[in-house]
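Asker: Let's see this in three dimensions:
(2 chains)
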Amino acid sequence: MSVCACYNFLTPTMPETMYLDYAATTPTDPRVVEAMTPYFSETFGNPSSVHHYGQSAERALEAARETVARILNSSPEEIVFTSCGTESDNLAIRGAALAARANKGTRVIVTSRTEHHAVSKTAEQLAALHGFEVRWLQAEPDGTVVPARVGDVIGDDCALASVMYANNEIGTINPIAEIAAVCRAKGVTLHSDAVQAAAYLPLDVNALGIDIMSLGAHKFHGPKGVGALYVRRGTHLTPAQTGGSQESGLRAGTQNVPLIVGFARALELAQEERTRRASHATTLRDHIIGFVLEQIPESRLTGSPDRRLPNHASFVFKDVDGNLLLTLLDASGFACSSGSACKTGNPEPSEVLTSIGLAREWSLGSLRVTVGKDTTASDVEAFLAVLPGTVQKARSLRSGAG
Amino acid sequence: MADKTKVVVAMSGGVDSSVAAALLKEQGYDVIGMMLRLWSETGREDSNRCCTPESMALARRVAAKLEIPFYVVDAKDAFRKTVVEMFLEGYARGETPNPCLECNRSIRWTLLLEHALALGAEFMATGHYARLDHDPQGRVRLLRAVDRSKDQSYVLHVLNQKQLQRALFPVGAHLKPEIRRIAEEHGLPSASRQESQDLCFLAGEDYRDFLRRHRPEMLVPGPIVDLNGNVHGQHDGLANYTIGQRKGIRVSSGVPLYALRKVSGNNQLVIGTRAELGGDYLVTGAVNWVSGTPRSDPFRAEVKTRYTAIEQSATVTPIEGGLRVHIKFDENQRDLTPGQAAVFYVDDAVIGGGIIQ
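Answerer: Got it, this is the predicted structure:
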């Protein structure tokens, strides 16, 4: 393909950039903004203060905690508010590992290479600096962590196991209830990163059997900068951040009341609209997957074809520079992701894609398309109208470079 | 106005390309910032002078300040295969190559330009100090910058008409102090990227250590000879010497001795006195004629034989139908160095250039 042909192809008047990266973040729902607004300048008190200002803020904080607890089918004292999903993961892994070592002398962390870095890097640091050992689980080629395999590697020496509910890069949903049952049978604490799952999947911690679970508000139309950690009663964590006794002593620091109110409202809306949002997203997702696999040569779906997040379509294209593909798509008005952020143009294959066995010529060409409640069928049509040509162009530019 | 002309600016995080982007935005273009990710050896990528994490962060901040999109283009493989290869081959031939020329030709003005066009851009701009205009036939002429002390037309002599038709050099019409002032007015970083002779991909390393790993045969000791072939001692590898160099020639003599020539075939370093150094003519390799049309008749020109050299008056005679040229200087030249480019100017225009053989 000549350069001129490429150029003409992208010339048609630019649409406003269409957002197809809901797994990265979502717009804050106006209803959530509305719920948060009074807690910035009107009801602004410190929830730890004795006076009326403090008590008003505390009421809002505790109401939010009750809302979250209800949706998770748990108790309010089991909910810890944090600053984001990553902080929740850090507190869970570091806190549970340190507490288990102090209480039981166990020092093995079981997890997999498909985890978000918030989990895997934390586990690696505990191994490098604090004398823990990480036992890596091998995921299936579709990204699934098999419960029986978890059973094979956990034992009395385990401080905790951490297995994500659904994968951010490839969308695969793990059989988390079965994994939890295996862990429970062997008395091993299970943490699950549910940051991606929360927008679409059931969060009943008792039905799931998870002991510790991480959430982040901005993945389900809440604000950025607020997360939560569910900690089952009786599960010990050593706090990572020390100071005041906020959040049952597990997370010192004045609570961010407006954002916590936003978290609760967003989760409430996600829960109420869950079925509708999921079925809307599933239709769009299936159309994208079907079209891409049929129309684009040398393309593959990554992750599980059936057990995957309703809004998540992820692919690899052979001999494509994924970063270049994103650049071309963005310039023609479509915001997608490669699955893991790489803004430096220094292409290294994602650990997740490498760990599920993809060769470099495939893994460098990843594309993640994630839709949301505001994505329309015509948005998807417009996207699919340009995607095959854009992949082809990225391929030809790459081969020109090589 | 939905259809503003799109232009990609090759950004470095430095003042010149940042101001280039600001000027184009002011002129009403739809500006996109792009930055190249170039090759360095594994483990040294973050020290590559052209794309350290700091300079990338800086370029990104400039783009954010100017409210323009910013993308990074990976050119690692292509850079390794063209620029680094050419650098190693040059040393293998006993030359002193200038990899920045090859980078301009095959990376910045080929690979990056292709990416710019693929994004729908009509032009690509850089922060180079040079100017462009059109001759009566509509061909683009490459001219020296207004600020002669900053002129970079030398490194751009490799460009052809197809590339120049797409090129913009917005800072070339300004003096450097004006560029700094414009940067300050826009709240852009006003520091130049540190001026350095080091090659970006060496990432701070001495080029000899790099050569030792990649072409160990270039650092094999060999004989030091004079013009009569008499052996005077041993050199410690031809790659350690540049033509005209006096330092490091450990031969006892009553008069200062200089490196005259490097003969890679038998690994000889030829030395001689100041009087024997240099010459008043040279022959180039393949010439890039900026106009696209080789000249046939000899012409008078000002010739620059290194990026930092002062132009010298000479007569340029096309040979082999203009494929190459013979250059006869009015005065003796001390340090004509094979591997560097000889670039010839008539008035302010770059007529062409080629690598000194």
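Asker: Look through chain B and state the residue closest to chain A.
Answerer: Nearest to chain A, among the residues of chain B, is B:V72, at 2.9 Å (CB to the nearest CB). For every residue, glycine as well, the C-beta is placed using N, CA and C.
Asker: Please name the residues that touch residue 107.
Answerer: Unless you meant another one, I'm taking chain A. A:97, A:100-101, A:131-133, A:157, A:159 (CB atoms under 8 Å, 6 or more residues apart in numbering or on different chains).
Asker: that's the wrong chain, I meant chain B
Answerer: By CB under 8 Å, 6+ apart, the contact list for B:I107 reads B:36, B:38, B:75, B:78-79, B:82-83.
Asker: Throw these into CSV and include secondary structure, neighbour count and distance to chain A, thanks.
Answerer: Output for the contacts of B:I107, formatted as CSV (DSSP: H, G, I helix; E, B strand; the rest coil; neighbours: other CB atoms under 10 Å in any protein chain shown; distance: CB to the nearest CB, whole Å):
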residue, secondary structure, neighbour count, distance to chain A
B:L36, strand, 25, 8
B:L38, coil, 25, 10
B:A75, coil, 25, 7
B:A78, helix, 22, 4
B:F79, helix, 27, 9
B:T82, helix, 21, 10
B:V83, helix, 26, 13
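Asker: What parts of the stretch 101-250 of chain B come near chain A?
Answerer: Within reach of chain A by CB under 8 Å from any CB of the partner chain, the stretch 101-250 of chain B has these residues: B:111, B:114-115, B:117-120.
Asker: List only buried entries from those residues.
Answerer: By neighbour count, with 16 or more other CB atoms under 10 Å in any protein chain shown, those hold B:111, B:114-115, B:117-120 as buried.
Asker: Which ones among these map onto helices?
Answerer: The members of those that map onto helices under DSSP state H are B:114-115, B:117-118.
Asker: and those residues, which two are the farthest apart?
Answerer: By the measure CB to CB, B:H115 and B:L117 form the most distant pair in these, at 7.4 Å.
Asker: picking up where we left off before, out of the ones in helices among the buried ones among the residues of the stretch 101-250 of chain B next to chain A, the closest to B:E311 would be?
Answerer: B:E114 (33.1 Å).
Asker: So the closest one sits against A:L397, correct?
Answerer: Yes: using CB atoms under 8 Å, B:E114 is in contact with A:L397, at 6.0 Å.
Asker: Can you tell me what sits against the longest helix seen in chain B?
Answerer: The residue-count maximum for a helix in chain B (DSSP H) belongs to helix B:53-66. Here helix B:53-66 makes contact (CB under 8 Å, 6+ apart) with A:343-344, B:11-14, B:17-18, B:21-22, B:25, B:31, B:33, B:35, B:46, B:69-70, B:72, B:186-189, B:193.
Asker: what packs against the helix or strand just after that helix?
Answerer: Once helix B:53-66 ends, the next helix or strand along the chain (criterion: DSSP states H and E) is strand B:70-74. Counting contacts by 3 or more CB pairs under 8 Å, 6 or more residues apart in numbering or on different chains; DSSP states H and E, strand B:70-74 packs against helix A:322-331, strand B:30-37, helix B:53-66.
Asker: Pull out the buried positions in strand B:70-74.
Answerer: B:70-74.
Asker: Including pLDDT, could those residues go into JSON lines?
Answerer: Below are those laid out as JSON lines (pLDDT from 0 to 100):
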{"residue": "B:F70", "pLDDT": "95"}
{"residue": "B:Y71", "pLDDT": "94"}
{"residue": "B:V72", "pLDDT": "92"}
{"residue": "B:V73", "pLDDT": "93"}
{"residue": "B:D74", "pLDDT": "90"}
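Asker: which one among these gets closest to B:W289?
Answerer: B:V73 (29.0 Å).
Asker: so that closest one bridges to which residues?
Answerer: B:L36 (DSSP bridges).
Asker: Now for it: which residues touch it?
Answerer: If a contact means CB under 8 Å, 6+ apart, then B:V73 has A:324, A:327, A:345, B:34-37, B:111-112, B:115 as its contacts.
Asker: change it to 10 Å
Answerer: By CB atoms under 10 Å, 6 or more residues apart in numbering or on different chains, B:V73 lies in contact with A:321, A:323-324, A:327, A:345, A:397, A:401, B:8, B:10, B:34-38, B:107, B:111-112, B:114-116, B:119.
Asker: Please report the distance of it from A:Y230.
Answerer: 43 Å (CB to CB, to the nearest Å).
Asker: Please apply the same query to A:D286.
Answerer: Here A:D286 is placed at a distance of 31 Å from A:Y230 (CB to CB).
Asker: Compare those two (neighbour count), which wins?
Answerer: Higher neighbour count among A:D286 and A:Y230: A:Y230, with 27 against 13, using other CB atoms under 10 Å in any protein chain shown.
Asker: Tell me which residue in the stretch 51-200 of chain A sits closest to chain B.
Answerer: For the stretch 51-200 of chain A, CB to the nearest CB, closest residue to chain B: A:H117, 17.7 Å.
Asker: A:H130 contacts A:R94, doesn't it?
Answerer: Yes: A:H130 lies in contact with A:R94 (CB atoms under 10 Å); the separation is 8.7 Å.
Asker: Quick check: PyMOL command selecting the buried ones in the contacts of helix B:53-66.
Answerer: Of the contacts of helix B:53-66, the buried ones can be selected in PyMOL as follows, counting by 16+ other CB under 10 Å:
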select buried, (chain A and resi 344) or (chain B and resi 11+12+13+14+17+18+21+22+25+31+33+35+69+70+72+186+188+189+193)
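Asker: List the ones among the contacts of helix B:53-66 that fall in helices.
Answerer: Using DSSP H, the contacts of helix B:53-66 in helices are B:17-18, B:21-22, B:25.
Asker: Just the C-alpha atoms of stretch B:61-77, please, in PDB.
Answerer: Output of stretch B:61-77 as PDB, limited to C-alpha atoms (Å, rounded to 0.1, in the frame of the first residue of the first chain):
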ATOM      1  CA  ARG B  61       4.400  18.300  28.800                       C
ATOM      2  CA  VAL B  62       5.000  20.600  25.900                       C
ATOM      3  CA  ALA B  63       2.400  18.900  23.900                       C
ATOM      4  CA  ALA B  64      -0.100  19.100  26.800                       C
ATOM      5  CA  LYS B  65       0.700  22.800  27.200                       C
ATOM      6  CA  LEU B  66       0.100  23.400  23.500                       C
ATOM      7  CA  GLU B  67      -3.000  21.200  23.600                       C
ATOM      8  CA  ILE B  68      -1.800  19.000  20.700                       C
ATOM      9  CA  PRO B  69      -1.900  15.200  20.500                       C
ATOM     10  CA  PHE B  70       1.400  13.400  21.100                       C
ATOM     11  CA  TYR B  71       2.500  10.000  20.000                       C
ATOM     12  CA  VAL B  72       5.700   8.000  20.300                       C
ATOM     13  CA  VAL B  73       6.900   6.000  17.200                       C
ATOM     14  CA  ASP B  74       9.100   3.000  17.700                       C
ATOM     15  CA  ALA B  75      12.000   3.100  15.300                       C
ATOM     16  CA  LYS B  76      14.300   0.800  17.200                       C
ATOM     17  CA  ASP B  77      14.700  -2.000  14.700                       C
END
